[in-house]
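K.L.:
What follows is a predicted structure for the sequence shown.
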Amino acid sequence: MESVDVATTAPAPLTVPATPMSLTEARAAVATTIADQRDNLLAISHQIHDDPELSYQEFRSAALLADQLRAAGYDVTLGCYGLDTAFEAVIGEGDVTATLCLEYDALPKIGHACGHNIIATAGLGAAIALAPLAAEAGVRVKVLGTPAEEHGGGKVDMLRAGAWEDSTFSLMVHGMTTGDVAVERTVFTAVERFQVTFHGVASHAAGAPWLAVNAGAAATLSLTAMALLRQHIPHTANINAYISNGGAATNIIPDLAELQVEVRAADLDVHRDLKQRVMNCFEGAAIATGCTWEQHATENGYAPVKHDPDLSRIWDANLSTRGRTLDDSYDLGGGSTDMGNVSQVLPGLHGTVALDGCKAAPHQVAFEQAAASPAGDDAVLDAAAALAWTVLDVAHDPALRADLLARQAARPVGATTVDSI
């Protein structure tokens, strides 16, 4: 794509309509704004894509997005909720607070192979389009820049700090492979990542092996036990591990071995039960070898995504309005996201949008290339419109609006700040 000077194409603050708009008119205004902002949005998407930053280090991407929102009239705080690369942007007044989530962290070595440039820019486009419409719709639009989805769990950090305490509902979108799928057919699992450490006694591997307590053998036994366990777990669950530290030399039986482990499941109760079964693999290996062992979390745990059925229905209809055909004949997913933690404590939506023609899976090099392709660009624009339309549809639906507000009012203070896994 030809280079675009983002600083000269940032949106000017937009004027709130002088006369009340119907929902049809407001939706048309969103489409017009997205079309007018096309070059700017795609330039930002490509800029983020071409400058990947890892979890908690997304300083340039966060500043770029914050500047765009500020130019659109939002009150912006860069660096908030205890995270230097988080931001909050707010516009509008009303009893409903619609919170859009933007992600912009990349993967080690393969950059934006999860398409977070699409997530960030689609959310930005929706926010720009909603800016002149929010006050009249009685909606306070809140945009949260949420770092470290790939590794770390920035949303979990921000939940604990109260970032969603004032939110009525929250939504975001993720680029996906193959084709567009109805929200109810997308599955995002719980995941916990942790390190297991075995402690033994070192000795010469040839001269006095009988004096050793082999931590490496304990690690090998535990992986074998996990491999045998896999036959007996649900198809919506997954376990994986590797030895990250298993010794220093062939003639030394190791007294220390470390493993990096993850456990995933689509259901929280299944997840908790499976984690205990995995822990038993390590306990058994320790008993068999005479080692001691310990474990600690290496990242925030992610809960499964709980899609709100009303928001899902509206999102599906809006994506279809953009000319996309949704397939509800198969399930899509298997990965995990910290948006799951958000969706467990308030009504949430984690929509997906296909990169047409892309057969590669996320976290593959070909997906990274597709994220800045014409298919990725189309995904940005369609998702931006669908996000904004979903917010407006909620605002203009008296029954749904009342129901969401009642659910918000019934939440105890601090209900969104708890860990949900």
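P.N.:
Perfect, thanks for sending it.

K.L.:
element containing the nearest residue to Thr121 once chain neighbours are set aside?
P.N.:
Leaving out its chain neighbours, the residue that sits closest to Thr121 by Cβ to Cβ, 6 or more residues apart in numbering is Ser45, at 4.0 Å. From N, CA and C alone the C-beta is placed, and that goes for glycine too. For Ser45, the host element (DSSP states H and E) is helix 38-49.

K.L.:
following that helix, which helix or strand comes up?
P.N.:
helix 59-71.

K.L.:
In that next one, which residues are buried?
P.N.:
Neighbour-count burial for helix 59-71, counted by 16 or more other Cβ atoms under 10 Å, picks out 61-62, 64-71.

K.L.:
Which of the three states applies to the closest residue to Ala62 other than its chain neighbours?
P.N.:
By the measure of Cβ to Cβ, 6+ apart, the closest residue to Ala62 outside its immediate chain neighbours is Thr85, 4.6 Å from it. At Thr85, secondary structure determined by DSSP: H, G, I helix; E, B strand; the rest coil is strand.

K.L.:
Look up how far Glu103 lies from Thr85.
P.N.:
Between Thr85 and Glu103 the distance is 11 Å, computed by Cβ to Cβ, to the nearest Å.

K.L.:
Mutual contacts of the two, please.
P.N.:
Pro147 (Cβ atoms under 8 Å, 6 or more residues apart in numbering).

K.L.:
Comparing these two, which shows the higher neighbour count?
P.N.:
Counted by other Cβ atoms under 10 Å, Thr85 and Glu103 do not tie: Glu103 has more neighbours, with 30 against 24.

K.L.:
Distance check, that one against Val191.
P.N.:
16 Å.

K.L.:
my read: Ala370 touches Gly376, true?
P.N.:
Yes: with contacts counted by Cβ atoms under 8 Å, Ala370 reaches Gly376, the gap being 5.7 Å.

K.L.:
list residues touching both of those two?
P.N.:
Joint contacts of Ala370 and Gly376 (Cβ under 8 Å, 6+ apart) are 115, 355.

K.L.:
Report the residue ranges of every domain in the chain.
P.N.:
6-188+305-417, 190-297 (automatic domain parsing).

K.L.:
Comparing those domains, which comes out most buried?
P.N.:
Mean neighbour count, computed with mean count of other Cβ atoms under 10 Å, is highest for domain 6-188+305-417 among those, reaching a mean of 21.

K.L.:
Who are the contact partners of Arg352?
P.N.:
That one is not Arg; residue 352 is Thr. 173-176, 180-181, 183, 186, 332.

K.L.:
Let me have those residues in CSV, extended by secondary structure.
P.N.:
Shown next, in CSV, are the contacts of Thr352 (three-state DSSP):
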residue, secondary structure
Val173, strand
His174, strand
Gly175, strand
Met176, strand
Asp180, coil
Val181, strand
Val183, helix
Thr186, strand
Leu332, strand
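
K.L.:
Ramachandran angles for Val139?
P.N.:
Val139 adopts backbone torsions of phi -120, psi 130, taken as degrees, to the nearest 10.

K.L.:
Would you check how far apart it and Leu349 are?
P.N.:
Relative to Leu349, and taking Cβ to Cβ, Val139 is found at 15 Å.

K.L.:
quick one: Asp382 and Glu136, what's the gap?
P.N.:
25 Å.

K.L.:
should've said Ile243
P.N.:
Distance, Ile243 to Glu136, by Cβ to Cβ: 59 Å.

K.L.:
could you check the angle helix 59-71 makes with the helix holding Ser45?
P.N.:
160 degrees (axes from the mean of the first three to the mean of the last three Cα atoms, to 10 degrees).

K.L.:
Show the contacting residues for the residue most central in space within the chain.
P.N.:
What sits nearest the mean C-alpha location of the chain, by Cα atoms, centre = their mean, is Thr337, with 4.1 Å. Contacts for Thr337 (Cβ under 8 Å, 6+ apart) come out as 149, 174, 188, 302, 305, 350.

K.L.:
Could you double-check that the fifth one sits in contact with Gly335?
P.N.:
No: in this structure Val305 lies outside contact range of Gly335 using Cβ under 8 Å: 9.9 Å.

K.L.:
A strand includes Ala241, no?
P.N.:
Yes: Ala241: assigned to a strand according to three-state DSSP.

K.L.:
Grab the nearest non-local neighbour of it.
P.N.:
Val261 (4.2 Å).

K.L.:
Understood, closing this out.
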